[in-house]
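*Asks:* here is my input; please provide its structure:
(chains A and B)
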Amino acid sequence: MGYVRPRIGALAVVAALAVVPGWAGAAEAAPGATPKAPAAKATRPEPKPPLLVQAEAPPFSEGIYPCSACHAGMPKNGTRRELVFHDEQQAIFDHGADQRWCLDCHDLQDRDVLRLANGAPVPFTESYRLCGQCHGDKYRDWRVGVHGKRVGHWNGEKTYFLCVNCHNPHSPRFKGVQEIVSGGKKTVAPTLTYLKPEPRPKRPEEQRR
Amino acid sequence: MTPNKSLPVLSDADAPPPSPRDGVDPIGDGPLDPARRAFLRTAAAGTAVAALASCSSGVDMEDFLRKHFKELSPDELKKVLAKVEKRNQERFGKKTTVSAKGPQPGVEYGYGLDISRCVGCRRCVYACVKENNQSRTAPQIHWIQVLEMDKEHGVDLAHADLYYEADAVPRPGKFYFPVQCQQCRNPPCVKACPTQATWKEQDGIVVIDYDWCIGCRCCMSACPYGARHFNWATPNLPPEELNPDQHYLGNRPRPKGVVEKCTFCIQRVREGRYTACVEVCPVGARKFGNLLDPESEIRKVMETKRVFVFKEELATHPQFYYFYAT
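*Replies:* The predicted model follows:
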């Protein structure tokens, strides 16, 4: 009995070591990235990952990016307050407005990136990581293709849309989307208005000739 | 075509070679000798041919006498497909490609529809019409029917409205429940068909051979989902809206008097693509994939979400699943 326990302990450590790198990789990854395979699985042939292509994100509002173009010359003020600029965003802001303001997601030091809750900077192109820290259930569903939309091939190359393709980060409740062209590619962008349904089908009596 | 012309062709193809008889039939007690059998067959076919020739509908003799789709040899199939393309050209003045690509091995399609996401915008209805060459008006045929239901009552057909109109969706207190062919594993429509014009393919798609359908509509009364639709008149399909990428068992233009239904966009999914309704859905409520692939989206849905099938009590075992992601 005496020498069994250390063996179990060693096994647990090995298992933990094998799992942790894989988990850490997966937690940060977009659907396109292949998480690092756990060491235990190295002998088994890894199934070929499906080809995942990221959709083009909707463009920034005209003339707003890079943010540092204006903010570089402004004093850095991290106090929560009503801004006298960015009316467009403040007017629609409806994202836990009681608990949240600009600098919870935008970085005070480097204006051209976002920041996670732990202070780590995140580029705008990876904003889904920011969303995922609160909306973990949706993030997990999105990564496996259950939440959100994918187009292309069910057994081959497919394009997945990002959070910001359907949700306006400042007013994230889904309302509608519209097709746009961004960066020369067809993609979708969220709208602030709800969708209008297509015409109803004809009733049988209306089909009589 | 005259009856005389087709007779030798028939007897050549079907009759066994004349053999000298030694008096007793070696197998069983079949009373007919082959020569007599061949004669009767030719005579019966001759009568049919005569009957056909007298009717003015212009039925093609080759179509009338061809084998069932599943029994066609590759050469015969090629001829049949070429004929469909020719007919398309005559009817629409447009070049089309008609494929008859078979099911992929190791694939069983599954479809998931997220009730908690669907907003009832009917984009899927019209994307389907466009993709699958349905009749646009008189008769108007929609393979997808979006029902508006009350949240108060849940999935209840007694409180469902197919003809809702709104300026914006979703309407408060309502949810939306699109219904289309459920591709049953135990399909009542297939059992009801008297001519075997409809059957279930290996990958789970229930298909119809429009050339084999006699338009009796037994399948329509057997289907508990209202998923089959009848061409009461010649489909009204403008040539400029014709989708030229076609499948023999799917979206090729239908004649008058046949039944049609959703085929999971057979012309797309057999090429590996998503269906048209999946691609158009603005909320991403529609999921499609291979049920036998543990990494597919539909399997993730099945494993992690609350999934149900419509009219489960009828034991049709659909391959179409509804689920709630939230």
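
*Asks:* got the contact list for B:Gly106?
*Replies:* By Cβ atoms under 8 Å, 6 or more residues apart in numbering or on different chains, the residues touching B:Gly106 are B:Asn290, B:Leu292. (C-beta placed from N, C-alpha, C; glycine too.)

*Asks:* next one: the one 3 residues further on
*Replies:* With contacts defined as Cβ under 8 Å, 6+ apart, the neighbours of B:Tyr109 are B:Gln183, B:Asp203, B:Gly204, B:Ile205, B:Phe264, B:Val269, B:Phe288, B:Gly289, B:Asn290, B:Leu291, B:Gln319.

*Asks:* how about B:Pro238?
*Replies:* B:Pro238 sits next to B:Arg136 when contact means Cβ under 8 Å, 6+ apart.

*Asks:* any weak-confidence spans in chain B?
*Replies:* Where chain B drops to pLDDT under 70, the residues are B:1-34, B:36-59.

*Asks:* can you list contacts of stretch A:180-197?
*Replies:* The contact list for stretch A:180-197 (Cβ under 8 Å, 6+ apart) reads A:55-59, A:92, A:161, A:164-168, A:171, A:174-179, B:119-122, B:164-170, B:282.

*Asks:* show me those residues that map onto helices.
*Replies:* Among the contacts of stretch A:180-197, DSSP state H puts A:Ile92, A:Val164, A:Asn165, A:Cys166 in helices.

*Asks:* what helix or strand is the nearest residue to the third one once chain neighbours are set aside on?
*Replies:* The spatial neighbour of A:Asn165 that comes closest, neighbours along the chain excluded (Cβ to Cβ, 6 or more residues apart in numbering or on different chains), is A:Val188 at 5.1 Å. Secondary structure assignment for A:Val188, by DSSP states H and E: strand A:185-191.

*Asks:* before we move on, the earlier item: mind checking which of the ones in helices among the contacts of stretch A:180-197 are buried?
*Replies:* Among the ones in helices among the contacts of stretch A:180-197, those classed as buried by 16 or more other Cβ atoms under 10 Å in any protein chain shown are A:Val164, A:Asn165, A:Cys166.

*Asks:* okay, those in TSV with pLDDT next?
*Replies:* Formatted as TSV, those follow (pLDDT from 0 to 100):
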residue	pLDDT
A:Val164	96
A:Asn165	96
A:Cys166	96
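
*Asks:* can I get these in TSV with distance to A:Glu206?
*Replies:* Converted to TSV, these look like this (distance: Cβ to Cβ, whole Å):
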residue	distance to A:Glu206
A:Val164	42
A:Asn165	38
A:Cys166	35
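
*Asks:* looking at those, which one is closest to chain B?
*Replies:* Nearest to chain B, judged by Cβ to the nearest Cβ, of those is A:Cys166 at 7.4 Å.

*Asks:* circling back: look up how far B:Cys265 lies from the residue nearest to A:Asn165.
*Replies:* Separation of A:Val188 from B:Cys265 (Cβ to Cβ, to the nearest Å): 21 Å.

*Asks:* these two: which is more packed in?
*Replies:* Between A:Val188 and B:Cys265, counted using other Cβ atoms under 10 Å in any protein chain shown, B:Cys265 has the larger neighbour count: 26 against 20.

*Asks:* so what's the closest residue in space to B:His153 that isn't next to it in sequence up against?
*Replies:* Closest residue to B:His153 apart from its sequence neighbours, by Cβ to Cβ, 6+ apart: B:His159 at 4.4 Å. Counting by Cβ under 8 Å, 6+ apart, B:His159 touches B:Met149, B:Asp150, B:His153.

*Asks:* repeat that for B:Pro282.
*Replies:* Contacts for B:Pro282 (Cβ under 8 Å, 6+ apart) come out as A:Lys149, A:Cys166, A:Gly176, A:Val177, A:Val188, A:Leu195, B:Val119, B:Cys121, B:Arg123.

*Asks:* highest neighbour count among those residues?
*Replies:* Counting neighbours by other Cβ under 10 Å, A:Lys149 leads the contacts of B:Pro282 with 26 neighbours.

*Asks:* could you confirm B:Val84 falls within a helix?
*Replies:* Yes: assigned with DSSP: H, G, I helix; E, B strand; the rest coil, B:Val84 falls within a helix.

*Asks:* what separates A:Leu51 from chain B, distance-wise?
*Replies:* From A:Leu51 over to chain B the distance is 11 Å, taken as Cβ to the nearest Cβ, to the nearest Å.

*Asks:* need phi/psi at the residue in chain A positioned nearest to chain B.
*Replies:* Relative to chain B, the nearest point of chain A is A:Lys149 (3.1 Å; Cβ to the nearest Cβ). Dihedral pair for A:Lys149: phi -120, psi 140, per degrees, to the nearest 10.

*Asks:* quick check: it touching B:Phe288?
*Replies:* No: look at A:Lys149 against B:Phe288 with Cβ atoms under 8 Å: they stay out of range, at 11.5 Å.

*Asks:* nearest residue to the residue nearest to the spatial centre of chain A other than its sequence neighbours?
*Replies:* Geometric centre of chain A, nearest residue: A:Tyr128, 1.9 Å, by Cα atoms, centre = their mean. Nearest residue to A:Tyr128, sequence neighbours excluded (Cβ to Cβ, 6+ apart): A:Cys163, at 5.0 Å.

*Asks:* okay, now B:Glu108: neighbour count?
*Replies:* 19.

*Asks:* part of a helix, is B:Ala199?
*Replies:* You called it Ala, but residue B:199 is Trp. No: per three-state DSSP, B:Trp199 lies outside any helix segment and is strand.

*Asks:* contacting residues for it?
*Replies:* The neighbours of B:Trp199, taking Cβ under 8 Å, 6+ apart as the test, are B:Lys70, B:Val190, B:Val206, B:Val207.

*Asks:* make it 10 Å
*Replies:* B:68-70, B:187, B:189-190, B:193, B:205-209, B:212, B:249 (Cβ atoms under 10 Å, 6 or more residues apart in numbering or on different chains).

*Asks:* what's opposite it in the beta bridge?
*Replies:* Beta-bridge pairing for B:Trp199 (DSSP bridges): B:Val207.

*Asks:* who's in contact with the helix or strand harbouring A:Cys70?
*Replies:* Assessed by DSSP H and E, A:Cys70 sits inside helix A:68-71. With Cβ under 10 Å, 6+ apart as the test, helix A:68-71 has contacts from A:Gly63, A:Ile64, A:Met74, A:Phe85, A:His106, A:Leu108, A:Asp110, A:Arg111, A:Asp112, A:Val113.

*Asks:* what's the burial count for the first one?
*Replies:* Summarising burial for A:Gly63: neighbours were counted as other Cβ under 10 Å, giving 7.

*Asks:* now the fifth one
*Replies:* Look at A:His106: counted by other Cβ under 10 Å, it has 17 neighbours.

*Asks:* do the same with the last one
*Replies:* As a burial measure, A:Val113 scores 17 neighbours (other Cβ under 10 Å).

*Asks:* and the residue lying closest to it once chain neighbours are set aside, what's its pLDDT?
*Replies:* Among residues not flanking A:Val113 along the chain, A:Pro121 sits closest, at 4.3 Å (Cβ to Cβ, 6+ apart). The per-residue pLDDT reported for A:Pro121 equals 95.

*Asks:* and what of A:Val19?
*Replies:* Taking A:Val19 on its own, its pLDDT is 41.
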